[in-house]
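Student: Starting from these lines, generate the structure:
(one chain, ligands or ions: 1)
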Amino acid sequence: MKKEMLVAENTYWVGYVDDRKVPFHRLILEKGTTYNSYLLKTEKPTVIDTVDISFGRDFVETVKNHIDPEDIKYIVINHVEPDHSGGLPALASKAKDAIIVTTELGAEELKEMYKLHDREFLIIKDGDRLDIGGKTLRFFETPYLHTEETMITYCEEDKVLYPCDIFSSHVATKELFNDLAAEDIKEDFDVYYKLIMHPHRPYVQDMITRIRKLDIEMIAPSHGYILRENVDKFIDTYDEMSKPSKEDKEALIVYSTMTNNTKKIANYILEGLEDKGIPAKVIKADKNTNIDEIKEAILKADAIFFGSSTRYADMVGSIEDVLKELKNMDLSSKLGVAFGSYGWSGEAVEVINDYLNESNINVVDRSLIIKSTGMDDVQFPIRIKFNPDEQGKEMLYKSVHTVGDLLVG
Ligand code: FEO
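Tutor: Residues are numbered from 1 along each chain as shown. Purely as a prediction, here's the structure:
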């Protein structure tokens, strides 16, 4: 075994170096990448993240160099995209009793993606701890960094943060650690941040605030170099690059949903805003909602999308509790958009629009769009029957891009 494969005490890199030009998110990674996976060989052996779906078999062979997979107790999945969860089916088929540790949404997605309905899952809530026999893992939910289900893992004894995509770089390096890199890694690190994380910068700021409270000696991400030299400098870089500037515009998406169709629309709106470089936060308004937090988020945002599905000709969830507050707030500098999914009729979207019109927000409707842009081929408010088909999605993106253009002016 190569000495460099040891990351921390009893902790081994068991990933895969992909030195091809890798197609990735509409890009080609000219320098390739790595899929970093880690085996913590404790009393309850634990694997943190896996490798790309193309290399599942190689991955299991690498794991076998260290341990009989049947002895693995936990497999932690921080992020379900297949470049990190893709080795899970191959590993899980050998690690027959391993419990899969992930967020609630992560579990739902993994079960569907890999037909793992019969496997045992341990569902993580923000801040949960897990004793793996000799080491303690803590988990923090980090939604939208960069997909909704993501979390990060911190090993208390080793002071190692395992943040999956966050703090990554795309380089097919065989040297694990940044202090062993033959070239300055700053450019690769910064480019990765800008492409993958920057569209979600309000969430980056939240994450930074939380990890600043941890004692971190090493960051072991899932692509590229493990950072063990100048760790604080890399955290500072994320902090600096994600700070809002005066010119930055931000959006907020608040919604209630009955069957998750309105949630899907909320996520498409988020993607459309990202296309325009406008970061957005997404908040589901349900019985656990803290109305004061939502009001604070509304006051910070430049455009707010309010959504609900329709049930019995009315809204669902707690979105109405939020809307009732609007008339007491100064929203005169902001754009407001109503949206929602419906089955038979779509009254909820119209009721939301009525609430917006009772406040002093600038309601994005047909009249405002024609006056501001002359366009008459986008639809506001945004009403979508069930789920948008491909044509509906294009129309939705076009509408959201129009709001983006209004914002950045
Ligand atoms: Fe490296 Fe979001 O996958």
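Student: Just confirm Ser242 contacts Asp206, I think it does.
Tutor: No. Between Ser242 and Asp206 there is no contact under C-beta atoms under 8 Å: 9.6 Å. C-beta: built from backbone N, CA, C; applies to glycine.
Student: Helices of this protein, start to end?
Tutor: Ranges of helices within the chain are 56-64, 82-85, 88-94, 104-114, 186-192, 201-211, 231-242, 261-275, 291-300, 319-323, 347-358, 366-373, 390-408, based on DSSP state H.
Student: Tell me which residues are up against the second one.
Tutor: If you take C-beta atoms under 8 Å, 6 or more residues apart in numbering as the criterion, helix 82-85 is touched by 24, 33, 35, 49-53, 77-79, 110, 113-114, 164-165, 222-223.
Student: Report the inter-axis angle for the strand ranked longest in the chain versus helix 366-373.
Tutor: Longest strand of the chain, by residue count under DSSP state E: strand 335-342. Relative orientation of strand 335-342 and helix 366-373, computed by axes from the mean of the first three to the mean of the last three C-alpha atoms, to 10 degrees: 130 degrees.
Student: Okay, domains of this structure per the record?
Tutor: Using automatic domain parsing, the domain ranges for the chain come out as 6-242, 251-408.
Student: show me the residues around Lys44 that make contact.
Tutor: Lys73, Tyr74, Asp131, Ile132, Gly133.
Student: Find the closest residue to the ligand in this protein.
Tutor: At 3.8 Å from the ligand, Glu81 is the closest residue in the chain, using C-beta to the nearest ligand atom.
Student: What sits closest to that residue if chain neighbours are left out?
Tutor: Thr147 (6.5 Å; C-beta to C-beta, 6 or more residues apart in numbering).
Student: Kindly report the same for Gly224.
Tutor: Ser169 (3.5 Å).
Student: With Lys398 instead?
Tutor: Val378 is the one closest to Lys398 (C-beta to C-beta, 6+ apart), at 5.7 Å.
Student: Near the one you found, how many other residues are there?
Tutor: 19 (other C-beta atoms under 10 Å).
Student: so how far is Gly392 from it?
Tutor: In this view, Val378 and Gly392 are 13 Å apart by C-beta to C-beta, to the nearest Å.
Student: what's the burial count for the residue nearest to Glu81?
Tutor: 16.
Student: Show me what Lys281 bridges to in the sheet.
Tutor: Beta bridges link Lys281 to Leu252, judged by DSSP bridges.
Student: So which helix or strand of the chain has the lowest pLDDT on average?
Tutor: strand 22-24 (a mean of 79; mean pLDDT, DSSP states H and E).
Student: Out of the helices of the chain, which gets the lowest mean score?
Tutor: Lowest mean pLDDT within the helices of the chain: helix 366-373, a mean of 86.
Student: now the angle between helix 390-408 and that one, please.
Tutor: Using the same axes, to 10 degrees: helix 366-373 against helix 390-408 is 60 degrees.
Student: and the end-to-end length of stretch 212-229?
Tutor: Start-to-end span of stretch 212-229 (C-alpha to C-alpha, to the nearest Å) is 17 Å.
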